[in-house]
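1. predicted model and sequence below, questions to follow.
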Amino acid sequence: MYKYLLFDADNTLLDFDLAEREALRETLLLSPLGFSEEIHKRYHVINDLEWKKLERGETTREKLRIDRFANLYREFGMDGELYGSETADIYTGMLSQQGQLIEGAEEVLSRLSKKYDCYIVTNGITEVQKSRMARTPLEKYIKHSFISQEMGCAKPSPLFFEKVFEYIGDGDRSRYLVIGDSLTSDIAGACAVGIDSVWLSFRESSVPTYRIEKLTELFSILD
């Protein structure tokens, strides 16, 4: 019954955990802070808090980009105002060079794109997401990428998905399926506009229409 598959990008098709770790390591090794496992863990906590604020409309993408590093410096007793912006610029460049894929991503898109229209829906930064996708073999399977920075709103806002429906030109919401790893962004957004969803995660949840632990399990739902 589905026609349009809306894939999140990070940790759904693109392996953001690997990309982030490598980009962060290279960035912080160039900074006065340096890189360690402790710093890496604290960055994760701070970054997650900033993205949740963006989802709630409490910050902007540009402020997030800088604040996560400024706050990291402050936690380790350094001047966040002095180093935050410069580090953010370096990190954006480093992250743009990463193109690691989630296991099974190309196989899934190669098969499903023969039967379904596949799209990307992401809250990522435009220059980063476009550069990373260009480094993968996935672009030929994707009809269009909806990037929140270009759209002026972010998941889980209903407006984000309304703009997706408008672009595709089909208002029948029963024909859409969201596939993503975030309950607060992908799954909550799908629920807000009344479309089905698949949660790619090892965590427990009763919210999504489906739950999978490997991307290739999509075949059992869609075939």
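-> Perfect, I can see it now.

2. list the contacts of residue 2.
-> When the contact criterion is C-beta atoms under 8 Å, 6 or more residues apart in numbering, the partners of residue 2 are 116, 175, 176, 177, 196, 222. Just so you know, the C-beta spots here come from the backbone N, C-alpha and C atoms, and that holds for glycine as well.

3. wasn't it part of a helix?
-> No - using DSSP: H, G, I helix; E, B strand; the rest coil, the assignment for residue 2 is coil, not a helix.

4. pLDDT wise, what is it at?
-> Looking at residue 2, its pLDDT stands at 97.

5. and if you look at residue 183?
-> The confidence metric pLDDT takes the value 90 at residue 183.

6. got phi/psi on it?
-> Phi and psi for residue 183, reported as degrees, to the nearest 10, are phi -70, psi -40.

7. could you do residue 58 as well?
-> Note on residue 58: its backbone torsions stand at phi -100, psi 0 [degrees, to the nearest 10].

8. run a quick neighbour tally on it.
-> When neighbours are counted by other C-beta atoms under 10 Å, residue 58 registers 11.

9. in the chain, where's the longest helix?
-> helix 37-55 (DSSP state H).

10. chain center to the following helix or strand past that helix, what's the gap?
-> Counting by DSSP states H and E, the element after helix 37-55 in chain order, helix or strand, is helix 61-75. Counting by C-alpha atoms, centre = their mean, to the nearest Å, helix 61-75 is centred 18 Å from the centre of its parent chain.

11. okay, the angle between helix 61-75 and helix 37-55?
-> What separates the directions of helix 61-75 and helix 37-55 is an angle of 150 degrees, with axes from the mean of the first three to the mean of the last three C-alpha atoms, to 10 degrees.

12. which residues are in contact with helix 61-75?
-> By C-beta under 8 Å, 6+ apart, the list of residues contacting helix 61-75 from outside reads 33, 39, 42-43, 46-47, 50-51, 53-54, 59, 79-85, 87-88, 91-92, 125, 148-149, 154.

13. list the buried residues of the helix or strand that comes right after that helix.
-> In the C-terminal direction, the helix or strand that comes right after helix 61-75 (DSSP H and E) is helix 80-96. If you call a residue buried by 16 or more other C-beta atoms under 10 Å, then helix 80-96 has these buried ones: 80, 83, 84, 87, 88, 90, 91, 92, 94, 95, 96.
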